[in-house]
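**Q** Next come a sequence and a model predicted from it.
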Amino acid sequence: MLRARERHSTMLQAHALIEHHGLQGAFTNMTGLNCAISEQDDIFGFFRSHPSSLNPLRDYFADGWRTLSELMVLLEQVERPLLATSSVLEFASGHGRFTRHLVKAVGAQKVTVSDIVGDAVAFAQSSFGVQGFVSASAPEQLRWPGQYDLVFVLSLFSHLPRATWGRWLRVLKDAVAPGGLLVFSTHGIKAAEFHHVGLDAEGFFFTPSSESQAIDGQEYGTTFTSPEFVAARVAEEWGPHSLVHQSMQHFWNHQDAYVLQKPRG
């Protein structure tokens, strides 16, 4: 079974059997996580096909843990520790690469997930016990089921076209409880330079291509933005004093992080 888990063609099937029966080498036994992985998980597919990933399963789980640690450090920097947060919305959550770690840290009862891919939301609900709802292609069509102390949006704004970038930033404000935080990430200057991308006069670049197989490239491609572009959109959509912290190359050492706070009144 372990040998079957090393082959790309049987990796996920063998992994599922090992985890289900708690066999030798089960990641659940080592981590205390629910280590189920969906066959439709594009992020796992990215790791499995990437030439630098010699152990895709280990890299996939480690990457989710790394994201949790980086989010916790970011929130400590604004004196809003994750473990003291009463409710979290993970928006554009995918199939749970990060969700499983978040649930272990704060408890499933505090976590809600949302994604444009309905299968991803259903998988997270059944696997991790979280609340969830399906997102929408047009930001204005989305109706939030509640408000949350923390809304975490990892690597969505690094994929949005110009037509919806500011609109999603505006609409997400309605999901944040008064006094709560929105944390989101972008491909910034370092990422643009690494990929030899030139930004336009506004500090923006978009190409209709990404690792996602489920979403049209014109709606979800690959986006690079300068800090000046982000700050200008934040001022327009949230107000000039809402940006309380930014950390360049914070997530994965190549995505910039921004923390916005919604006024209490």
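**A** It's in.
**Q** State the helix or strand in which residue 150 lies.
**A** strand 148-153 (DSSP states H and E).
**Q** Quick one: name whatever helix or strand follows the longest strand seen in the chain.
**A** In the chain, with assignment by DSSP state E, the single longest strand is strand 176-187. Using DSSP H and E, the next helix or strand after strand 176-187 towards the C-terminus is helix 189-194.
**Q** which outside residues touch that following helix?
**A** Here helix 189-194 makes contact (CB atoms under 8 Å, 6 or more residues apart in numbering) with 158, 197, 198, 199, 205, 224, 226, 227, 248, 249, 254, 255. C-beta here means a position set from N, CA and C on the backbone, and glycine is covered the same way.
**Q** List only buried entries from these.
**A** For the contacts of helix 189-194, a burial check counting by 16 or more other CB atoms under 10 Å picks out 158, 197, 199, 205, 224, 226, 254, 255.
**Q** and those, which of them are in helices?
**A** Judged by DSSP state H, the buried ones among the contacts of helix 189-194 include no members of helices.
**Q** Make a markdown table out of those residues and add distance to residue 120 and pLDDT.
**A** A markdown table is the format used below for these (distance: CB to CB, whole Å; pLDDT from 0 to 100):
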| residue | distance to residue 120 | pLDDT |
| --- | --- | --- |
| 158 | 18 | 96 |
| 197 | 28 | 94 |
| 199 | 30 | 97 |
| 205 | 27 | 97 |
| 224 | 25 | 97 |
| 226 | 30 | 98 |
| 254 | 24 | 92 |
| 255 | 20 | 97 |
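**Q** and which of those is nearest residue 56?
**A** Of all the buried ones among the contacts of helix 189-194, residue 254 has the smallest distance to residue 56: 19.6 Å, by CB to CB.
**Q** Just list the residues touching that closest one, thanks.
**A** With contact taken as CB under 8 Å, 6+ apart, residue 254 is in contact with 187, 190, 191, 194.
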